[in-house]
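A.B. asks: with the input below, show me the fold.
(4 chains)
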There are 2 protein chains.
Amino acid sequence: MSRVDVFSNIKARDASNIIEQSFVRGEVIIILANCIIHYEGRALSDIGPGDRVLIIKPDGTLIIHKKIKREPVNWQPPGSTIRAYERNGRLVIKSIRYNPYEIIIVECLEIYLIAIYDAIDPYALEISGTERDLAELIYRNPEVIEKGFKVLKLEYQTPFGIIDVLGEDKEGRLVVIELKRSSAGLQSVSQLRRYVEAMKNLTRRDIRGILIAPRITESALALVRKYGLEYKKLEPPKVPRTHDGRGVRSKKLLDYMDDYENKTE
Amino acid sequence: MSRVDVFSNIKARDASNIIEQSFVRGEVIIILANCIIHYEGRALSDIGPGDRVLIIKPDGTLIIHKKIKREPVNWQPPGSTIRAYERNGRLVIKSIRYNPYEIIIVECLEIYLIAIYDAIDPYALEISGTERDLAELIYRNPEVIEKGFKVLKLEYQTPFGIIDVLGEDKEGRLVVIELKRSSAGLQSVSQLRRYVEAMKNLTRRDIRGILIAPRITESALALVRKYGLEYKKLEPPKVPRTHDGRGVRSKKLLDYMDDYENKTE
DNA sequence: GCCTGTATCTCGCTT
DNA sequence: AAGCGAGGTACAGGC
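C.D. replies: Reported below is the predicted structural model:
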């Protein structure tokens, strides 16, 4: 049996049956159709007729793509319900989410193609270069902050937010650290300031606040100084990891990179 | 000529030709395949073999979906380049983005289906219930804030951020307003405080700061009080708008809602 | 280009 | 269930 079944030139009623049965079987459903879309929930939207790509996933996700942009024009998150039926000779797909209550109605004026995809996908994404990697770097090598720095807590909860890294400098002052995986802006400075103020309510010790990021905007740096905070440049490490934890992968990527150079030059 | 061409049982070399030619023609390409994916750029990621859905859009967008979740497992934003070729008998799709430099390599172990979609989609999404709608409500009806309130500026730029609404109360005090379309949290309070502090550098007038949102978290409200700010409950209006500006649409949505009740009860 | 802030953000995590 | 913060966030608007 093939992994994919394809239907074209299909009547609305048949399409609705195929979709509902396939959804129950836990398959991915791809629909190419001309449709109009109504959405109401946290906001309200409508869009007139156009050729779009619909993806219905077995977890209840609904994604509707236009022919441009990375973001779907309409969607429903995992856990939503899916119903398909025929109405006035047209395929209608209705998805409802509860809490918050949100509804999407897709009315298909023309169905070009329906693909039923019995997908098997056991692997999870392995990623590095995140803020978490930056935190682990500091945890394992506290001296990257400064000589004599000690980590006291990661993800330390205060009444007014969660501090990425709480530490202590060699003079015994409390150090509040806010991490950013990429450029730090005004918001990051406000965040750090909030945590420092929160800690001032909890202790009478001297407190320093340090913003850690590979880059900072000019106005953010000005704000850091205005608030008596500090900035230190530091990048999150990108460490290739394979499923079994060995760093074999980068060689393979480099292999492809070479391949790219050969193809395009 | 049909809007969709479908290919299955296709060789890697043929697939690559179809993809490259179709991309040049400005069509949407949907590929169902078992693949591994390498990504390197702002971060670094890998994922082992699995059945996924790939969408290549004519604007250079690449989206790769697993069988669950709303978010793609890997992607490339609009403006990226797309290349497809055969390597060791396998289809390889490579996408590069510059600034920042990011590369995705998809190696297909098996191609289940390729659909070439000549999509036509002229309409844009019409949406309401956004922060912008809340701002317009206040601009047209300043009294929703309080009696005697006057709007001075929308999107007023300070050295430390952009104030949603700058206004004046009936006592002649400057009022800084921060809007949220949904629940306000700690971050919103920090933001408002930053703007109020920024204005204090620019004027000697008395300044009030008001956070406007349909809801606020408990700790955010505590922080509002701690900083001497104010909170006012207000919701962004959801106004159905049709393409020509008339509010005809909600009747149609209600029509479908009734339909839903009939179908499910 | 960079910077700033919103989003029907989504997602994971913790209380 | 609600709150909090990260994200390869994407996206729009300004400068």
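A.B. asks: tell me where the stretch 1-150 of chain A has helices.
C.D. replies: Under the criterion DSSP state H, counting those that start in this stretch, the stretch 1-150 of chain A contains helices at A:12-24, A:131-140.
A.B. asks: out of those, flag the one nearest DNA strand D.
C.D. replies: Evaluated with C-beta to the nearest atom of the strand, those place helix A:131-140 nearest to DNA strand D, the distance being 3.5 Å. For the C-beta atoms, the positions are set from N, CA and C on the backbone; glycine is no exception.
A.B. asks: of all the residues in the helix or strand following that closest one, which ones are buried?
C.D. replies: As assigned by DSSP states H and E, the chain's next helix or strand after helix A:131-140 is strand A:150-158. Across strand A:150-158, burial judged by 16 or more other C-beta atoms under 10 Å in any protein chain shown covers A:151, A:154, A:156, A:158.
A.B. asks: hmm, strand A:150-158 touching DNA strand C?
C.D. replies: Yes - using C-beta under 7 Å from any atom of the strand, we find that strand A:150-158 touches DNA strand C at A:155, A:157.
A.B. asks: any idea how far the next helix-or-strand element following that strand is from the chain center?
C.D. replies: With elements assigned by DSSP H and E, the helix or strand that comes after strand A:150-158 is strand A:161-168. From the chain centre to the centre of strand A:161-168 is a distance of 24 Å (C-alpha atoms, centre = their mean, to the nearest Å).
A.B. asks: name the helices or strands packed onto strand A:161-168?
C.D. replies: Here strand A:161-168 touches helix A:131-140, strand A:150-158, strand A:174-179, helix A:186-200, going by 3 or more C-beta pairs under 8 Å, 6 or more residues apart in numbering or on different chains; DSSP states H and E.
A.B. asks: let's see the last one as CSV, backbone CA atoms only.
C.D. replies: Output of helix A:186-200 as CSV, limited to C-alpha atoms (Å, rounded to 0.1, in the frame of the first residue of the first chain):
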residue,chain,number,x,y,z
LEU,A,186,15.2,48.2,24.6
GLN,A,187,12.9,45.4,25.7
SER,A,188,15.8,43.3,27.0
VAL,A,189,17.0,46.3,29.1
SER,A,190,13.6,46.9,30.6
GLN,A,191,13.4,43.2,31.4
LEU,A,192,16.7,43.2,33.2
ARG,A,193,15.8,46.4,35.1
ARG,A,194,12.5,44.8,36.2
TYR,A,195,14.4,41.8,37.6
VAL,A,196,17.0,43.9,39.4
GLU,A,197,14.2,46.0,41.0
ALA,A,198,12.4,42.8,42.0
MET,A,199,15.6,41.5,43.7
LYS,A,200,15.9,44.8,45.5
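A.B. asks: could I get the pLDDT score of the nearest residue to A:Arg13 once chain neighbours are set aside?
C.D. replies: Nearest residue to A:Arg13, sequence neighbours excluded (C-beta to C-beta, 6 or more residues apart in numbering or on different chains): A:Glu86, at 4.3 Å. For A:Glu86, the model assigns a pLDDT of 98.
A.B. asks: let me see the contact set for A:Glu86.
C.D. replies: A:Glu86 is in contact with A:11-13, A:15-16, A:92, counting by C-beta atoms under 8 Å, 6 or more residues apart in numbering or on different chains.
A.B. asks: same list (the residues you listed) but as JSON lines, adding distance to A:Ile36, neighbour count and pLDDT.
C.D. replies: Output for the contacts of A:Glu86, formatted as JSON lines (distance: C-beta to C-beta, whole Å; neighbours: other C-beta atoms under 10 Å in any protein chain shown; pLDDT from 0 to 100):
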{"residue": "A:Lys11", "distance to A:Ile36": "19", "neighbour count": "12", "pLDDT": "98"}
{"residue": "A:Ala12", "distance to A:Ile36": "14", "neighbour count": "19", "pLDDT": "98"}
{"residue": "A:Arg13", "distance to A:Ile36": "19", "neighbour count": "13", "pLDDT": "98"}
{"residue": "A:Ala15", "distance to A:Ile36": "16", "neighbour count": "22", "pLDDT": "98"}
{"residue": "A:Ser16", "distance to A:Ile36": "17", "neighbour count": "21", "pLDDT": "98"}
{"residue": "A:Val92", "distance to A:Ile36": "10", "neighbour count": "21", "pLDDT": "98"}
